[in-house]
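Engineer: Below are the sequence and a predicted model; questions follow.
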Amino acid sequence: MLKTPSGQLQRCRQDFPILKQKIHGKPLVYLDNAATTQRPTVVTDAMKAFVESDYANTHGRIHALSERAQTHFDEGRETVARFIGAEYTDEVVFVSGATHGLNWVAQGFFGPHLKSGDRVLVTVMEHHSNFVPWQQLCQRVGAECVVIDIDDAGQLDLEQLSVELARNPVCLVMAHVSNVLGQINPVKTCVELAHQHGVKVVVDGAQAAGRIPINVSDLGCDFYVFSGHKMYGPSGMGVVYGRRTHWSNMQPWILGGGAVATVSAEQVTFLAPPACFEAGTQHVEGVVGLTAAIRYIESIGLSVIAAHERALGQYIWQALSGYRGCRVLGGMPDCGLISFVLEGMHPHDVVMLLDQLGIAIRGGHHCAQPLMKRFGVMASSRVSCAVYNTRDEVDVFLNALGQVQEVLGAQ
Ligand code: PLP
């Protein structure tokens, strides 16, 4: 039996004005949080206050507003570093999102060194944003992109991984939490295995940030990437964590103002990391929003959020597993994220009918086509929870799904 959320969690719904509305005359039930989460007022207020009173370009602290903007920016980096357990603040680089960050690591760090005959390990469950950059990079230089499989429950094939790690690959790239299956991958174990072979590990934390506690120092990974908009923060804002020792092997990839110390007609010298990796005008209000989102998450407690989402996810999983004609992809999820296929019904139809009932979920391949193929389906429906979702909302969704099944089943 699922426990009701604590008063604190029930109250937190009030922090998200968007949730108060009706859709097609029904109370909104927002269960599309793996695509993007909603933002609490403290995040939008912080961004508005910054833009209305402290906004200026950073880079240089030339005047009072610039000084204030730079202070916000620096505070944001410190907050992110603490939030993810980075040892040093300069291990945090701001990017526009997880997709940008993963391309940045692939092209900027590995790209210049990868050569014909090299091997890169990716898992079959990767989001396209952590699959295509590696596949294309490998194809360009004649390297091999090796796909690590999972079992039917969604667990990584650690035997295959061990065999492949012994074949001297350059890196392993893997999701911390699958955006389709909702299970938490054993990143720490994989990093330990990989490092025994001198293999670097890049972790896509897009579905982990804001859902479960992250400590990059404890995980031991080489790179960790995530987006702000999936953790109650703004879109257009993301983070790459990279171990400080790797910066000396990385040439700035995006070149321009703000990243350089001196430029002549013949040559350039760069600023020290992380500034040399952040060319161009930065998304300072995004950093302010991300900082506010982290403070919001911390005010509730990530372990409280993780336990709440896991309880909702497992409740949904159990209900759907007993549903006639419903196939749930993978095993019991570790968080509130479940994908399923209803026999004879296209996920888009399911999503559209639920929308008529005020319920927002997602249907499609979830940018994980290799994983869809692994499960022998073209697409699935996905329900994903966040801190503000309640057991009552989940029941509304489960009951509505029954109605959808009747409607579509009768056709
Ligand atoms: N990685 C995973 C696991 C995701 O779920 C997503 C987005 O859904 C991404 C990467 C890409 O994130 P963004 O669209 O914020 O760049």
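Structural biologist: Received, thanks. Just so we're clear, the structure is a prediction, and the values are computed from it rather than from any experiment.
Engineer: Please make it C-alpha for all contacts and neighbour counts, starting now.
Structural biologist: Noted.
Engineer: Return the distance of Glu343 relative to Asp32.
Structural biologist: Per CA to CA, to the nearest Å, Glu343 is found 22 Å from Asp32.
Engineer: who has more neighbours, these two?
Structural biologist: Between Glu343 and Asp32, counting by other CA atoms under 10 Å, Asp32 is the more crowded of the two (20 against 13).
Engineer: Once you drop chain neighbours, what's closest to the more buried one?
Structural biologist: Ile361 (4.7 Å; CA to CA, 6 or more residues apart in numbering).
Engineer: Quick one: name the residues of the stretch 151-300 of the chain near the ligand.
Structural biologist: 178-179, 204, 206-207, 227 (CA under 6 Å from any ligand atom).
Engineer: any idea which helix or strand carries Thr269?
Structural biologist: For Thr269, the host element (DSSP states H and E) is strand 268-270.
Engineer: tell me what that strand is packed against?
Structural biologist: Secondary-structure packing of strand 268-270 (3 or more CA pairs under 8 Å, 6 or more residues apart in numbering; DSSP states H and E): strand 260-263.
Engineer: List the buried residues in the strand it packs on.
Structural biologist: Val260 (16 or more other CA atoms under 10 Å).
Engineer: So in that sheet, which strands flank it, and in what orientation?
Structural biologist: Sheet pairing of strand 260-263 (DSSP bridges) gives strand 268-270 (antiparallel).
Engineer: Grab the nearest non-local neighbour of the residue positioned nearest the centre of the chain.
Structural biologist: The chain has Ala206 as the residue nearest its centroid, 0.9 Å off, counting by CA atoms, centre = their mean. Spatially, and ignoring its direct neighbours in sequence, Ala206 is nearest to Phe226 (4.3 Å; CA to CA, 6+ apart).
Engineer: How far off centre is the helix or strand that contains the one you found?
Structural biologist: For Phe226, the host element (DSSP H and E) is strand 223-227. Chain-centre distance of strand 223-227: 7 Å, with CA atoms, centre = their mean, to the nearest Å.
Engineer: for that strand, packing partners?
Structural biologist: helix 98-103, strand 200-204, strand 238-242.
Engineer: Point out the most buried one among these.
Structural biologist: strand 238-242 (a mean of 26; mean count of other CA atoms under 10 Å).
Engineer: Report the angle between that one and strand 223-227.
Structural biologist: Counting by axes from the mean of the first three to the mean of the last three CA atoms, to 10 degrees, strand 238-242 lies at 170 degrees to strand 223-227.
Engineer: Off-centre distance for the helix or strand where Ser299 lies?
Structural biologist: Using DSSP H and E, the element containing Ser299 is helix 284-300. The chain centre lies 16 Å from the centre of helix 284-300; the measure is CA atoms, centre = their mean.
Engineer: Which residues does that helix contact?
Structural biologist: By CA atoms under 8 Å, 6 or more residues apart in numbering, the surrounding residues in contact with helix 284-300 are 8-9, 39-40, 42-44, 46-47, 50-51, 55, 57-58, 69, 72-73, 75-77, 79-80, 83, 210, 228, 231-237.
Engineer: quick one on the thing from earlier: which residues are in contact with the residue nearest to Ala206?
Structural biologist: 97-98, 101, 204-207, 209, 238-240.
Engineer: Reformat the residues you listed as a markdown table; add distance to Asp149 and pLDDT.
Structural biologist: Output for those, formatted as a markdown table (distance: CA to CA, whole Å; pLDDT from 0 to 100):
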| residue | distance to Asp149 | pLDDT |
| --- | --- | --- |
| Gly97 | 26 | 98 |
| Ala98 | 23 | 98 |
| Gly101 | 24 | 98 |
| Asp204 | 17 | 98 |
| Gly205 | 19 | 98 |
| Ala206 | 20 | 98 |
| Gln207 | 20 | 98 |
| Ala209 | 24 | 98 |
| Gly238 | 28 | 98 |
| Val239 | 27 | 98 |
| Val240 | 26 | 98 |
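Engineer: Surely Leu181 is in a strand?
Structural biologist: No. Leu181 sits outside any strand when classified using DSSP: H, G, I helix; E, B strand; the rest coil, being coil.
Engineer: any idea how far it is from Ile150?
Structural biologist: Counting by CA to CA - Leu181 and Ile150 are separated by 11 Å.
Engineer: Looking at the two, which has the bigger crowd around it?
Structural biologist: Set Leu181 next to Ile150 and count neighbours by other CA under 10 Å: Leu181 wins out with 26 against 18.
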